[in-house]
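*Asks:* predicted model, plus sequence, below.
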Amino acid sequence: MENITTQKVRPSGGLNPLPKAPTGIHGLDEVTEGGLPRGRPTLICGPAGCGKTLLGIEFLVRGITECGENGVFLAFEETREDLIANVASLGFDLAQLEAEGKLALDHVNIEPSQIEQSGSWDLEGLFIRLGASIDAVGADRVVIDTIENLFGAFSDTATLRAELRRLFRWLKDRGVTAIITGERGEGSLTRYGIEEYVSDCVIVLDHRVSEETSTRRLRVLKYRGSLHGTNEYPFLIGKGGVSVVPITSLGLEHDVSGETFSMGVDRLDEMLGGQGVLRGSSILVSGTAGTGKSTVAAQFCDAACRRGERALYFAFEESEAQIVRNMGSVGMDLGQWVRQGLLQFKCVRPSLLGLEAHLSSMQDLVAEFEPSVVVIDPISDLLTAGASRDVSAMLTRQVDFLKVRGITALFTSLDQDLQLEQANHQIAALIDVWLLLNTHEFNEERNRSLSVLKARGMAHSNQIREFLLTERGIVLAGAHGRGEVLTGSARLEQEASQRSESDREPGDPDGGDEFSLNVAPSDGVAVAGTR
Amino acid sequence: MTPEIATDASEAIPEETFCHLRLYVAGQSPKSLKALTNLKRLCEEHLESRYQIEVIDLADDPKLATEDEIIAIPTLVRKLPEPTRRIIGDLSDAERVIVGLELLRRDD
């Protein structure tokens, strides 16, 4: 235990690890193992509209609000007013930070047509200007966005390049942690090759459209003197700013709870070691069409609401009214919980938004409603919103997000095609409890069954039980120990014969009486099992 | 890009016009001193006494760099007559300065 902790704390394992400035941006500090190189410039480059400016602003805002480090934003593109307006929707109040003397916004207006050149010059004016801003707020962080615009203003590029080299050295001498942004060029990282001068850390942003869905991506191309994640990570811009989605990060340091609660189905709790599921765990309910996945999910919410806890239900296939009506047919009154404000539905077509938008809107809603349980029904529908690799990355992020908050999550998944199986394999590692629903054709009947494929931290049953949808909700029938799953009439037959053998003990709790042969399809879900 | 020297009288400053020039420098740097020397010489040659040179040292008042949008040093700004004209550099290329400021060449 001790060793694990030490390993995590030591960023690069060296004797004298590189000091880093945390960005405070979700996920970016994990990818860079602690933040940007402190006291050095970092280049962030990418095509127009990839989020460079926003990343820079968030770096400054988080620096002020979370690290107590003031900042200067030197803008060559947007005016001060534009910058303030553009990020207001993300909840960043730049004008307020400026008024508090923690942030300096300086817009450099370049009008190339006005500038004539005669003899040698330098950029001392820019140095003085930046220096004055840094001194005015006592800045530790500087963002320069986008300095390459200077190339449009000065025809003497030899002088300009020499001056830029001097500028980056000067920033280092001042000891500020700086972000320099650059527009992507053809065949080079930036249009004018300024990556040549900023060589400590280079982050590349990208904005790609595949299958009509746009995904933003971030990659740490270079980080001198430090380990860093080398993958391309999807990132999104949501209500709270930038959020990078590392596929394998977070999540493993959260507190775990020993508290358990009922899934809302008596015998299912028994199958999970008698107590139900652990709070904060992730549950996957998978099965083919019509096996009762949504009913399990609804019962799970119903049970939470009965305990007085809040439940949030993301539905990608049905509307709220449809779900409430359908669950009414199996004896669940979800409408009452909605009216009491304990249950909230969010019904949306997955193709409506891109993956990143889905993730951020879900996270925003979770943060707002503060539920204790969340249902996503079904996650397989998200596959229509993106490639399976992206979906699995997004789910990882979502699972982590919920776990860290101690929220118990239930995902349903329609097992149908190969692509989905792959996605399932990837998320299987994140799932704590995996319930498999199935249908069996036997004796001219189609009957449902439920089994526990895995349940971390619980002594769970290895049985496959018949799962009945009754007017009182889900019921699991008893198991029989005859080597095969008996469902429907075969189970009733077996139960009847067992009963006659055991002299019809009166109060046998697993007796078959409660499930008669005429279980109508409209009845609620039930799982049959034996001890 | 070598601009042609203004010979057209309509582009040049009329004989009687007063010229208000402002030179932004940073401390006593060689470039700054050279620019001031060059500017004084050019003004004497072309404007006689119809000019005023104001030297602003940004090292003394850094705020002015922001207010007047100065990034390159030295920068010469012609405040009057309007419109405003800007020339950067130590002004060693006299022809460029003459074109940039639209100074009338008496020698013609």
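*Replies:* Nice, thanks for sending it over.
*Asks:* low pLDDT regions in the stretch 401-531 of chain A?
*Replies:* A:416-427, A:479-487, A:501-531 (pLDDT under 70).
*Asks:* that one: helices as residue ranges?
*Replies:* For the stretch 401-531 of chain A, the helices defined by DSSP state H, counting those that start in this stretch cover A:418-428, A:488-501.
*Asks:* tell me which stretches of the stretch 151-300 of chain A form strands.
*Replies:* A:177-183, A:201-210, A:213-223, A:232-238, A:241-244, A:260-261, A:277-278, A:282-287 (DSSP state E, counting those that start in this stretch).
*Asks:* okay if I get those strands as CSV plus mean neighbour count and distance to residue A:25?
*Replies:* In this view, the C-beta of every residue, glycine as well, is placed from N, C-alpha and C. Below are the strands of the stretch 151-300 of chain A laid out as CSV (neighbours: other CB atoms under 10 Å in any protein chain shown; distance: least, CB to CB, whole Å):
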stretch, mean neighbour count, distance to residue A:25
strand A:177-183, 26, 11
strand A:201-210, 18, 11
strand A:213-223, 20, 10
strand A:232-238, 21, 9
strand A:241-244, 24, 5
strand A:260-261, 19, 35
strand A:277-278, 25, 31
strand A:282-287, 25, 25
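*Asks:* for chain B, which of the ones you listed is the nearest?
*Replies:* Each of the strands of the stretch 151-300 of chain A has some distance to chain B by CB to the nearest CB; the shortest is strand A:177-183, at 15.8 Å.
*Asks:* ok, the closest one: who's next to it in the sheet?
*Replies:* Counting by DSSP bridges, the strands paired with strand A:177-183 are strand A:41-46 (parallel), strand A:141-145 (parallel).
*Asks:* rebuild the ones you listed as a markdown table, extending it with mean pLDDT, distance to residue A:159 and mean neighbour count.
*Replies:* What follows is the strands paired with strand A:177-183, written out as a markdown table (pLDDT from 0 to 100; distance: least, CB to CB, whole Å; neighbours: other CB atoms under 10 Å in any protein chain shown):
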| stretch | mean pLDDT | distance to residue A:159 | mean neighbour count |
| --- | --- | --- | --- |
| strand A:41-46 | 91 | 20 | 25 |
| strand A:141-145 | 93 | 18 | 25 |
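*Asks:* for residue A:257, which of those strands is the nearest?
*Replies:* Checking the strands paired with strand A:177-183 against residue A:257 by CB to CB gives strand A:141-145 as the closest, at 37.8 Å.
*Asks:* how about that closest one as PDB, C-alpha atoms only?
*Replies:* What follows is strand A:141-145, C-alpha atoms only, in PDB (Å, rounded to 0.1, in the frame of the first residue of the first chain):
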ATOM      1  CA  ARG A 141       1.400  32.600 -15.700                       C
ATOM      2  CA  VAL A 142       1.300  34.200 -19.100                       C
ATOM      3  CA  VAL A 143      -0.600  33.200 -22.200                       C
ATOM      4  CA  ILE A 144       0.300  34.600 -25.600                       C
ATOM      5  CA  ASP A 145      -2.400  34.000 -28.200                       C
END
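*Asks:* quick one: it to chain centroid distance?
*Replies:* 28 Å (CA atoms, centre = their mean, to the nearest Å).
*Asks:* show residues contacting it.
*Replies:* With CB atoms under 8 Å, 6 or more residues apart in numbering or on different chains as the test, strand A:141-145 has contacts from A:21, A:52-53, A:56-57, A:59-60, A:63, A:69-78, A:130, A:134, A:171, A:176-181.
*Asks:* now, which of those residues lie within helices?
*Replies:* Of the contacts of strand A:141-145, the ones assigned to helices by DSSP state H are A:52-53, A:56-57, A:59-60, A:63, A:130, A:134, A:171.
*Asks:* SS state for the residue nearest the centre of chain B?
*Replies:* Among the residues of chain B, residue B:76 comes closest to the average C-alpha position under CA atoms, centre = their mean, at 4.3 Å. Secondary structure for residue B:76, judged by DSSP: H, G, I helix; E, B strand; the rest coil, is strand.
*Asks:* and of the strands of the stretch 151-300 of chain A, who's closest to residue B:56?
*Replies:* Taking the strands of the stretch 151-300 of chain A one by one with CB to CB, strand A:177-183 is closest: 27.9 Å.
*Asks:* now the strands of the stretch 151-300 of chain A as a markdown table including mean pLDDT?
*Replies:* Below are the strands of the stretch 151-300 of chain A laid out as a markdown table (pLDDT from 0 to 100):
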| stretch | mean pLDDT |
| --- | --- |
| strand A:177-183 | 91 |
| strand A:201-210 | 84 |
| strand A:213-223 | 81 |
| strand A:232-238 | 78 |
| strand A:241-244 | 78 |
| strand A:260-261 | 82 |
| strand A:277-278 | 84 |
| strand A:282-287 | 86 |
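*Asks:* so residue A:472 touches residue A:331, yeah?
*Replies:* Yes. Contact criterion CB atoms under 8 Å: residue A:472 and residue A:331 qualify, at 4.8 Å.
*Asks:* what is the burial count for the nearest residue in space to residue A:149 that is not next to it in sequence?
*Replies:* In this structure, residue A:149 finds its nearest non-sequential neighbour in residue A:76, 4.1 Å apart by CB to CB, 6 or more residues apart in numbering or on different chains. Neighbour count for residue A:76, taken as other CB atoms under 10 Å in any protein chain shown: 20.
*Asks:* residue A:76 and residue A:146 touch, don't they?
*Replies:* Yes. Contact criterion CB under 8 Å: residue A:76 and residue A:146 qualify, at 5.6 Å.
*Asks:* which residue packs closest to residue A:303, ignoring adjacent ones?
*Replies:* Nearest residue to residue A:303 in three dimensions, chain neighbours excluded: residue A:264, at 3.1 Å (CB to CB, 6+ apart).
*Asks:* for the one you found, give me its contacts.
*Replies:* Contacts of residue A:264 (CB under 8 Å, 6+ apart): A:299-300, A:302-303, A:306, A:473-474.
*Asks:* from residue A:304, how far out is it?
*Replies:* Plainly put, residue A:264 is 8 Å away from residue A:304 if you go by CB to CB, to the nearest Å.
*Asks:* cool, and residue A:316?
*Replies:* Counting by CB to CB, the gap from residue A:316 to residue A:304 is 20 Å.
*Asks:* ok, now residue B:27?
*Replies:* Counting by CB to CB - residue B:27 and residue A:304 are separated by 71 Å.
*Asks:* of the two, which one has the most company?
*Replies:* residue A:304 (27 against 13).
*Asks:* nearest residue to the residue nearest to the centre of chain B other than its sequence neighbours?
*Replies:* With CB to CB, 6+ apart, the residue lying closest to residue B:76 is residue B:87, at 4.6 Å.
*Asks:* for chain B, which segments count as strands?
*Replies:* Under the criterion DSSP state E, strands of chain B are mapped to B:19-25, B:51-57, B:75-80, B:85-88.
*Asks:* now render the ones you listed as CSV, adding mean pLDDT.
*Replies:* Below are the strands of chain B laid out as CSV (pLDDT from 0 to 100):
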stretch, mean pLDDT
strand B:19-25, 91
strand B:51-57, 90
strand B:75-80, 87
strand B:85-88, 88
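*Asks:* just those: most buried one?
*Replies:* Using mean count of other CB atoms under 10 Å in any protein chain shown, the stretch among these with the largest mean neighbour count is strand B:85-88, at a mean of 24.
*Asks:* for it, name the packing helices and strands.
*Replies:* Under the contact criterion of 3 or more CB pairs under 8 Å, 6 or more residues apart in numbering or on different chains; DSSP states H and E, strand B:85-88 touches strand A:115-117, strand B:75-80, helix B:94-101.
*Asks:* partner strands of the second one, parallel or antiparallel?
*Replies:* Using DSSP bridges, the strands paired with strand B:75-80 are strand B:19-25 (antiparallel), strand B:85-88 (antiparallel).
*Asks:* so what touches that strand?
*Replies:* Strand B:75-80 has contacts (CB under 8 Å, 6+ apart) with A:121, A:125, B:18-24, B:35, B:39, B:68, B:84-88, B:91, B:97, B:100-101.
*Asks:* go with 6 Å
*Replies:* For strand B:75-80, contacts defined as CB atoms under 6 Å, 6 or more residues apart in numbering or on different chains pick out B:20-24, B:85-88, B:101.
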